[in-house]
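Chemist: generate a structure from the sequence data that follows.
(4 chains)
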Number of protein chains: 2
Amino acid sequence: MNVTGHTSRPASIRDVATAAGVSYQTVSRVINNHPSVKHTTRERVQAAIDELGFRRNVTAHALASGRTRAVTVLTANTTHYGYASILQGIEEAARAASYAVGIGVLESADEAAVAAEVQRAADAGGGLVVIAYDPAGVAALGAVPAALPVVGVVETPATPPGGDRPWVWTDDRQAAYEATRHLLSLGHETVHYVAIPSSTRRTSAARTTGWRQALQEAGAPEPRPLQGSWGPAGGHAAGLELAKDPAVTAVLCGNDDLALGVLRALHESGRSVPGEVSVTGFDDAPHSAYLTPSLTTVRLDFTGLGRAAFALLHGVLEASAQIAPHPVSVPELVVRESAGPPPAKP
Amino acid sequence: MNVTGHTSRPASIRDVATAAGVSYQTVSRVINNHPSVKHTTRERVQAAIDELGFRRNVTAHALASGRTRAVTVLTANTTHYGYASILQGIEEAARAASYAVGIGVLESADEAAVAAEVQRAADAGGGLVVIAYDPAGVAALGAVPAALPVVGVVETPATPPGGDRPWVWTDDRQAAYEATRHLLSLGHETVHYVAIPSSTRRTSAARTTGWRQALQEAGAPEPRPLQGSWGPAGGHAAGLELAKDPAVTAVLCGNDDLALGVLRALHESGRSVPGEVSVTGFDDAPHSAYLTPSLTTVRLDFTGLGRAAFALLHGVLEASAQIAPHPVSVPELVVRESAGPPPAKP
DNA sequence: CTGAAAGCGCTTACAG
DNA sequence: CTGAAAGCGCTTACAG
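Modeler: This next block holds a predicted model:
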C-alpha cells in the first residue's frame, strides 16, 4: 500500500480508464494508436496514462494479440568478435523498433541439444535470428519449424538462393578471393590457408572457396588448407606447422584471432613477418590495427549485418516494415604491415 | 489444417486434457509437478503431452502466475571481452535453470536514456542483471525500481556492503594491488597506470585504488594515472604519452586491450618491452597469451562472475534456489614475457 | 466515435 | 486425488 491507499501493483488499462472517465477499450485504442478516437478523449486518456505511469503489460498484450515484439538470437558463441558484433547490430536495430531481444547459446551441434534450444527460442514467441557460421548454427537453422519467422546469418551461399530466402551475409567468398589475389600480386607463388571451422561437412566454406578460386585463376599450386579453430590457439598450432616448411611465404587466415596465433608461431620459429612470411587476417577486429606487425586483413561489417538481419525479420513479422536488400555491405581489404613481397630468391 | 483435420495451432492443456480423458486442471498439475496426482493419471497425461508435442505457453503461464522465468541483462557493451564473458556466464546458468535471457544495451549514461532502457527491461518481466562497470551501468543500477529483483555486477566496492546487497564482483582492487607489487618487486621505482574509464565520477575506481595502495605501501612516487578507454586506441594514445618520458619503466594497464595499444605505442616509439619498459594487462583475454611479447596480466573469471550473478538472482526470485557466496573467485597473476626488471641504471 | 462481451492459455483458490 | 469457476491484463470482433 502506498499513501494513496492503492496497492503498488502497476496501473492497468482499467485504472487508466477509471481515471480518464472512459471504458478500458478506449484506453486500448489510445495505446494502439487507433484512428477513431476523438481528439479530446485521446488527450484525457493520455493525461491519465502519464499521471499513473501506465505501461502496457507486454505479457497480456502478447497473449491476447498472439504476437510478441521480440527476437531471439541463436548463436554458438557470444564472445568472438564477429558473433558479438552481429548480436550488437541486432540489438541496436531491435531496440530502435521497440523489440525485446533474447539470446540462446548453442553449446553443441548435437541434434537433440539443438532441437531443445530451438524449442526454447520458439517458446519465447516472436521471431528468430540464427547465426549459422558453424555446425551448431547450421543445424539450428535447419531445425526451425517452417511456421516460425526466422532469418539466418550465413556464409556466402554457394548458389544465390531465391529472393524469398530470409538470409543475410557479407560476401566473404569474394573477400577471401581478393585477399588471396592481393598476396599473389605481391609476388608470392602461392598462398597457404588456415581455415576457420567449416559450417558444414558437405560443402566447402565460403572463404575456402574464394581462396581456392584465386589460386586456380592464377594457376598457383593449391596447398591443403590447415584446419584451425576460432581462437588464437588453433592459429598457433597451424602456424607451427607452416613454419617448418621453408616454401611457405604467404598465409591467409580465416579470421584475425587465427592470424594472431600464426604470427606468434612464426615469431617463435624465428621467421620474420612480413620479411620471410606474409600473413593476412579476416574481420578487422579492433585490436588488429595495434598488433606488431599490424595486421593486413579484410574488414567485415558485422554490426551492419546484424541490423540487416533484424530488418529482414521485422519485415517478415510486420508487413509495414521495410525489407533490407542483402548482401549488406562490401568487405574491404585493409592493407597494413603484416603482408609484403616474398623474400628474394637465393 | 493438417491431415487429421486439426489446425496447426500448438496443443493447449485443454487438448491434452481431452486426449487424456481428464480435466485441464489435472494437466496443469502434471506439468507443474504437483504431488497430488494419481500415478496412473500422471502417466496417461504425460503420454498425451508427448503424443501432442505439448509445450506450456510461457506467455499464458507468465500472465496467470505473475512470474516470468526470465532475466534481462543490462550492459553498456556486448563486444568487449569482459562484458561478453559475463553475458556468456549468465546465459549458461540461466539456460541450466530454464530461464530465458534477454539483453538491453545502454547506449549512453544520459538519465532519460537509462531510465527508458530500465523500463524496457522491467517490461520484459523476470529479474535484471546490471553490469555496472561504467557510468551507464552504474546509472542503470541506480535507476532500477526497488520492487524489481536485480543483481549488480560491480567493481570491488570501497566498503563491503551488507550481506543483503545483491552484488557480485571479483576482487579487482586486490588484483591491481598484486600486479603493481609484482612490478615493484621486479625492481621498478614506480608503476604508471593507464586506467579504464571509471565507473563513477565520485570515487576512484577499484583498480586505481589497488594500484595506489601498492605504491603507497612501497613508498613509491605516485604518478598521475592516464585516462584510457576500453579499447586499444586509448591505450595507444596513452602509450605515446608515456613513451616520451624516459623515467617510465613500468606500466600497469586497466585491461588487456589497453595494454595492447600501449605495447604498440612503445614499439612505434622505439622502446623495447620488457627490456626498457614493462607492461602488464588485466583480464587475460584469449589473445593475450599470443601477443609478442606475450602479456603478463591478471586473469579474471568473468564467466564465473556471470554464473554467480544469475545464481544470486535466482535465489531472489525463487526461495528454493541456492544463493552463491560473493566475491566469486580470486584473480590470478599470470606471468609472461611483457614484464621484467628495469634497465640497468647508467 | 465509444462501450459490453468473449477469449488468449494458463494458474489459483475453492469444492468435493 | 480431481473438477468447476474466476481471473491474470490485454485484444478482437460485434453493437450501437
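
Chemist: write out the residues of the stretch 201-346 of chain A neighbouring chain B.
Modeler: A:231-233, A:235-236, A:257, A:260-261, A:263-264, A:267, A:286-287, A:289-292, A:294 (Cβ under 8 Å from any Cβ of the partner chain). For the C-beta atoms, the positions are set from N, CA and C on the backbone; glycine is no exception.

Chemist: in helices, which of the residues you listed fall?
Modeler: A:Pro232, A:Ala233, A:Gly235, A:His236, A:Asp257, A:Leu260, A:Gly261, A:Leu263, A:Arg264, A:His267 (DSSP state H).

Chemist: quick check: closest non-adjacent residue to the residue in the stretch 101-250 of chain A positioned nearest to chain B.
Modeler: As assessed by Cβ to the nearest Cβ, chain B sits closest to A:Pro232 within the stretch 101-250 of chain A, at 4.2 Å. Sequence neighbours aside, A:Gly261 is the residue nearest to A:Pro232 in space, at 3.7 Å (criterion: Cβ to Cβ, 6 or more residues apart in numbering or on different chains).

Chemist: residues in contact with the residue in the stretch 101-250 of chain A that DNA strand C sits nearest to?
Modeler: Going by Cβ to the nearest atom of the strand, DNA strand C is nearest to A:Asp123 of the stretch 101-250 of chain A, at 10.3 Å. Going by Cβ atoms under 8 Å, 6 or more residues apart in numbering or on different chains, A:Asp123 touches B:Arg55, B:Val58, B:Ala100.

Chemist: now, among those residues, which is nearest to DNA strand D?
Modeler: Set against DNA strand D, the nearest of those by Cβ to the nearest atom of the strand is B:Val58 (12.6 Å).

Chemist: hang on, that closest one packs against A:Ala124?
Modeler: Yes - contact criterion Cβ atoms under 8 Å: B:Val58 and A:Ala124 qualify, at 6.9 Å.

Chemist: ok so, going back, distance of the residue of the stretch 101-250 of chain A closest to DNA strand C relative to DNA strand D?
Modeler: As defined by Cβ to the nearest atom of the strand, to the nearest Å, A:Asp123 lies at a distance of 17 Å from DNA strand D.

Chemist: if we can go back for a sec, who's in contact with the residue nearest to A:Pro232?
Modeler: So A:Gly261 contacts A:Gly228, A:Gly231, A:Pro232, A:Ala233, A:Gly234, A:Gly235, A:His236, A:Ala237, A:Ala238, A:Gly239, B:Tyr290 (Cβ under 8 Å, 6+ apart).

Chemist: now do the helix or strand containing A:Glu217: which elements does it pack against?
Modeler: Here A:Glu217, judged by DSSP states H and E, is contained in helix A:206-218. If you count contacts as 3 or more Cβ pairs under 8 Å, 6 or more residues apart in numbering or on different chains; DSSP states H and E, helix A:206-218 packs onto helix A:172-185, strand A:192-195.

Chemist: ok, now with 10 Å
Modeler: helix A:172-185, strand A:192-195, strand A:250-253 (3 or more Cβ pairs under 10 Å, 6 or more residues apart in numbering or on different chains; DSSP states H and E).

Chemist: now do that helix, average pLDDT.
Modeler: The pLDDT scores in helix A:206-218 average 94.

Chemist: and that helix, how far from the chain's centre?
Modeler: With Cα atoms, centre = their mean, to the nearest Å as the basis, helix A:206-218 stands 24 Å off its chain's centre.

Chemist: following element in sequence after it, please.
Modeler: Immediately after helix A:206-218, counting by DSSP H and E, sits strand A:226-227.

Chemist: so how far is DNA strand C from the residue lying closest to A:Thr292 once chain neighbours are set aside?
Modeler: Spatial nearest neighbour of A:Thr292, excluding adjacent residues (Cβ to Cβ, 6+ apart): B:His267 at 4.9 Å. Distance, B:His267 to DNA strand C, by Cβ to the nearest atom of the strand: 61 Å.
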